[in-house]
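Participant: sequence and predicted structure are below.
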Amino acid sequence: HRLERCFFILYKMIDKDILQKEKNIVPTDEEIEKILSKNPELSPQSFSTVSDPSKITPLIPEIMSRQATMNIGTIGHVAHGKTTLVRAISGIQTTRHKEEKERNITVYLGYANAKLYKCPKCPDLDAYKAYGSGKEDSPLCETCGEKLELLRHISFVDCPGHDILMATMLNGAAVMDAALLLISSDIECPQPQTREHLAAVENMELENIIIVQNKIDLIGEKAAKENYNQIKTFVKGTKASKSPIIPISAQYGYNIEAVIYYLCNLPIPKRDFISPPRFIVIRSFDTNKPGTEPEHLEGGVVGGTLTRGILRVGEMVEIRPGILSKNENGQHVVQPLYSRIVSIRTEENQLIYAVPGGLIGVGLKIDPFMTSKSKFGGRIMGHPGKLPDIYTTFVINIHLMSRLVGSKSTGKTSTQIGEIKYKEILLVNAGSTSISALVINISGKNKDIIKFSLTPPVCVEVGETVAVSRKFGHNWRLIGWGKVLEGGDIIKSD
């Protein structure tokens with residue numbers, strides 16, 4: 001009887017207008033009020049604000065009150081304090097999985113939001129404060145009682161630092177607007193993944209990097225200066241050569257105000273609010289708890305970041321690639337996947353629309369089994385028919401690094417990177433997805449034009465930057481990057 005009820009409820013969830021890709025549904029005023037009333041302390045949103053995208057900025061109070069508008073990555077070697085710093089600023093522990101708690105390291109990408117404020121009365125760095133994403137827009141300063149000014153609303157992308165999790169880090173780098181490079185002051189700099197993470201964000205053309213010299217409480221003044229000089233030598237000639245180096249103790253909260261100050265002064269990235277929306281799915285999940293009655297089931301949720309355009313509650317969306325399979329001839333076919341947005345939220349903040357920047361969760365009218373356990377991670381979501389094509393092959397212009405930066409798996413601090421070989425299997429990171437890529441053609445005067453056969457097929461745009469990794473020992477290591485020149489063998493929708 002329970003199974004029959006489940007089928008009946010799921011059948012009701014599949015609207016015929018979804019299958020027919022009919023027009024968007026605009027929520028009524030009552031529905032909008034019900035959504036926004038869940039966070040009455042925050043500024044209300046209105047569709048009229050985004051009716052003319054050319055007039056929108058990420059610093060509009062209505063937007064910044066509820067949604068983060070900038071993604072900050074935390075990168076660096078394992079156990080250098082990335083997760084601890086995120087907790088010190090946002091108050092959120094990003095390691096939530098059982099495996100992470102048992103091993104006391106970050107294994108999966110972690111996420112947390114924070115609002116950054118400035119007190120008009122407190123002196124110098126003492127004026128800078130940080131609270132969680134749900135904090136009201138103008139709280140009172142706990143020191144002097146003055147109203148705080150909201151300067152930034154940011155999302156942290158907390159990356160794992162272990163060498164075996166480099167592919168996960170590269171997936172996170174795809175959505176970063178800036179990065180905090182954590183360097184532990186009580187050991188020699190640089191460590192292997194300090195090198196590799198900095199190389200990765202440089203290759204992904206990330207311009208804004210803040211260096212954080214952590215664990216300053218464990219050493220004396222002389223050792224701190226020696227470590228500072230090591231850091232300066234390490235970043236010389238890189239995009240971080242002019243970055244500030246901030247000494248802190250994340251564990252004890254020492255000098256966190258300086259980090260907040262520099263975060264508040266990062267330039268706001270230029271955003272495209274006009275183009276059709278492009279949402280990078282980093283993970284997906286089923287929010288229904290075990291034992292939920294069928295009539296109370298909710299559709300699946302996708303989490304990620306919007307890179308351009310605007311998403312609104314009630315809109316129709318397409319997820320690419322959809323449902324992949326092979327026909328009787330062994331050829332890839334895809335079943336298009338359409339749905340409707342029923343909710344948008346960032347942590348506990350409810351939204352009726354979302355703009356580029358920040359990490360958000362989008363609730364859909366889709367079977368929650370399909371989104372469970374991050375099955376949709378690496379896909380792209382947007383308006384139907386407005387997304388890039390799906391390719392089983394693509395060609396890139398590759399730039400190989402001269403040497404493999406710090407690798408414990410090879411037993412050396414650096415290893416020569418050889419040429420890419422025909423029929424070699426590499427790992428390509430495109431957006432937030434990792435793809436097994438078989439080399440099927442090599443051309444160009446410098447043998448730098450590489451054609452890959454991709455497993456699984458990927459939805460990617462020509463001109464997009466991708467990272468390329470090779471297996472050394474048991475681990476994938478970054479060896480270069482390139483831009484997609486063309487795609488081939490486009491999968492036609494079934």
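Facilitator: Yes, it's here.
Participant: so what touches stretch 420-430?
Facilitator: Contacts with stretch 420-430, where a contact means Cβ atoms under 8 Å, 6 or more residues apart in numbering, come from 167, 170-171, 174, 398, 400, 434-442, 447, 450, 452, 454, 458, 460, 464, 466-471, 476, 479, 484. Glycine gets a C-beta too; all of them are placed from N, C-alpha and C.
Participant: over to stretch 229-239?
Facilitator: 183, 188-190, 194-195, 198, 202, 206-207, 209, 211, 213, 241, 243, 245.
Participant: try 6 Å
Facilitator: Stretch 229-239 has contacts (Cβ atoms under 6 Å, 6 or more residues apart in numbering) with 183, 189-190, 202, 241, 245.
Participant: of those, select the buried ones using a ChimeraX command.
Facilitator: To isolate the buried members of the contacts of stretch 229-239 in ChimeraX, using 16 or more other Cβ atoms under 10 Å:
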select :183,189,190,245
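Participant: just the ones of the contacts of stretch 229-239 in strands?
Facilitator: Taking DSSP state E, the ones among these that sit in strands are 183, 245.
Participant: show me the contacts for Pro321.
Facilitator: Pro321 makes contact with 334, 390, 457, 459, according to Cβ under 6 Å, 6+ apart.
Participant: what is the neighbour count of the second one?
Facilitator: By other Cβ atoms under 10 Å, the residues close to Ile390 number 24.
Participant: same check on the last one?
Facilitator: By other Cβ under 10 Å, 24 other residues sit near Cys459.
Participant: ok, the spatially closest residue to it that is not a sequence neighbour to Pro294 distance?
Facilitator: Distances taken as Cβ to Cβ, 6 or more residues apart in numbering put Arg320 closest to Cys459, at 4.2 Å, once the chain neighbours are dropped. Between Arg320 and Pro294 the computed distance is 30 Å (Cβ to Cβ, to the nearest Å).
Participant: same check on Ser402?
Facilitator: Ser402 sits 59 Å away from Pro294, taking Cβ to Cβ as the criterion.
Participant: then Leu151?
Facilitator: Counting by Cβ to Cβ - Leu151 and Pro294 are separated by 46 Å.
Participant: equivalent analysis for Gly303, please.
Facilitator: 25 Å.
Participant: more crowded one of these two?
Facilitator: Comparing Gly303 with Pro294 by other Cβ under 10 Å, the one with more neighbours is Gly303, at 21 against 16.
Participant: pretty sure that one is touching Gly361, no?
Facilitator: Yes. Contact criterion Cβ atoms under 6 Å: Gly303 and Gly361 qualify, at 4.6 Å.
Participant: touching both of those two, which residues are there?
Facilitator: The contact sets of Gly303 and Gly361 do not overlap (Cβ under 6 Å, 6+ apart).
Participant: can you lay out the contacts of stretch 229-239 as CSV showing pLDDT?
Facilitator: Listed next are the contacts of stretch 229-239 as CSV, based on pLDDT from 0 to 100:
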residue, pLDDT
Ile183, 93
Cys189, 88
Pro190, 87
Glu202, 80
Ser241, 90
Ile245, 95
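Participant: any chance of the contacts of stretch 229-239 in TSV, with distance to Ser155 too?
Facilitator: Formatted as TSV, these follow (distance: Cβ to Cβ, whole Å):
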residue	distance to Ser155
Ile183	22
Cys189	28
Pro190	27
Glu202	22
Ser241	27
Ile245	24
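Participant: ok, the contacts of stretch 229-239 vs Arg345, which is closest?
Facilitator: Glu202 (33.4 Å; Cβ to Cβ).
Participant: please name the residues that touch the closest one.
Facilitator: By Cβ under 6 Å, 6+ apart, the residues touching Glu202 are Lys239.
Participant: now it: how far from Ser432?
Facilitator: The gap separating Glu202 from Ser432 is 19 Å, by Cβ to Cβ.
Participant: most centrally placed residue in the chain?
Facilitator: Nearest to the geometric centre of the chain sits Val175, at 4.1 Å (Cα atoms, centre = their mean).
Participant: which residues in the stretch 1-150 of the chain form helices?
Facilitator: Counting by DSSP state H, counting those that start in this stretch, the stretch 1-150 of the chain has helices at residues 2-13, 16-19, 29-36, 61-66, 82-90, 98-103.
Participant: lowest average pLDDT across the ones you listed?
Facilitator: Within the helices of the stretch 1-150 of the chain, confidence is poorest for helix 16-19, with a mean of 49 (mean pLDDT).
Participant: surely Gly91 meets Gly134?
Facilitator: No. Using Cβ under 6 Å, Gly91 makes no contact with Gly134, being 10.4 Å away.
Participant: what is Tyr111 paired to in the beta sheet?
Facilitator: With DSSP bridges as the criterion, Tyr111 is bridged to Val157.
Participant: what does stretch 37-53 rub up against?
Facilitator: Defining contact as Cβ under 6 Å, 6+ apart, one finds that stretch 37-53 is touched by 36, 61-62, 65-66, 136, 273-274, 310, 349-350, 352-353.
Participant: so where's this protein uncertain?
Facilitator: Low-confidence segments of the chain, defined by pLDDT under 70: 1-23, 94-108, 161-174, 405-414, 492-494.
Participant: run the chain-centre distance for the longest helix along it.
Facilitator: Once the chain is assigned using DSSP state H, the helix that runs over the most residues is helix 221-235. Offset of helix 221-235 from its chain centre (Cα atoms, centre = their mean, to the nearest Å): 31 Å.
Participant: please apply the same query to stretch 251-258.
Facilitator: Stretch 251-258 sits 25 Å away from the centroid of its parent chain (Cα atoms, centre = their mean).
Participant: please identify the buried residues of that stretch?
Facilitator: Neighbour-count burial for stretch 251-258, counted by 16+ other Cβ under 10 Å, picks out 255-258.
Participant: out of the residues you listed, which are inside helices?
Facilitator: Residues of the buried residues of stretch 251-258 located in helices (DSSP H): 256-258.
Participant: tell me, how many residues neighbour Asn265?
Facilitator: Neighbour count for Asn265, taken as other Cβ under 10 Å: 11.
Participant: again, but for the one 5 residues further on
Facilitator: Other residues lying near Lys270 total 7 when counted by other Cβ under 10 Å.
Participant: spit out the contact partners of it.
Facilitator: Lys270 neighbours (Cβ under 6 Å, 6+ apart): none.
Participant: that one in helix, strand or coil?
Facilitator: Assigned state for Lys270: coil (three-state reduction, DSSP: H, G, I helix; E, B strand; the rest coil).
Participant: show me which residues of the longest helix of the chain are buried.
Facilitator: 224, 227-228, 230-231, 234-235.
Participant: out of the residues you listed, what pair is the most spread apart?
Facilitator: Ala224 and Val235 (16.8 Å).
Participant: buried set for whichever strand or helix holds Arg195?
Facilitator: According to DSSP states H and E, Arg195 maps onto helix 192-203. For helix 192-203, the neighbour count (16+ other Cβ under 10 Å) marks 192-201, 203 as buried.
Participant: can you list the residues you listed in JSON lines and add distance to Thr287?
Facilitator: Below are the buried residues of helix 192-203 laid out as JSON lines (distance: Cβ to Cβ, whole Å):
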{"residue": "Pro192", "distance to Thr287": "38"}
{"residue": "Gln193", "distance to Thr287": "33"}
{"residue": "Thr194", "distance to Thr287": "37"}
{"residue": "Arg195", "distance to Thr287": "39"}
{"residue": "Glu196", "distance to Thr287": "35"}
{"residue": "His197", "distance to Thr287": "32"}
{"residue": "Leu198", "distance to Thr287": "36"}
{"residue": "Ala199", "distance to Thr287": "37"}
{"residue": "Ala200", "distance to Thr287": "32"}
{"residue": "Val201", "distance to Thr287": "32"}
{"residue": "Asn203", "distance to Thr287": "35"}
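Participant: done for today, thanks.
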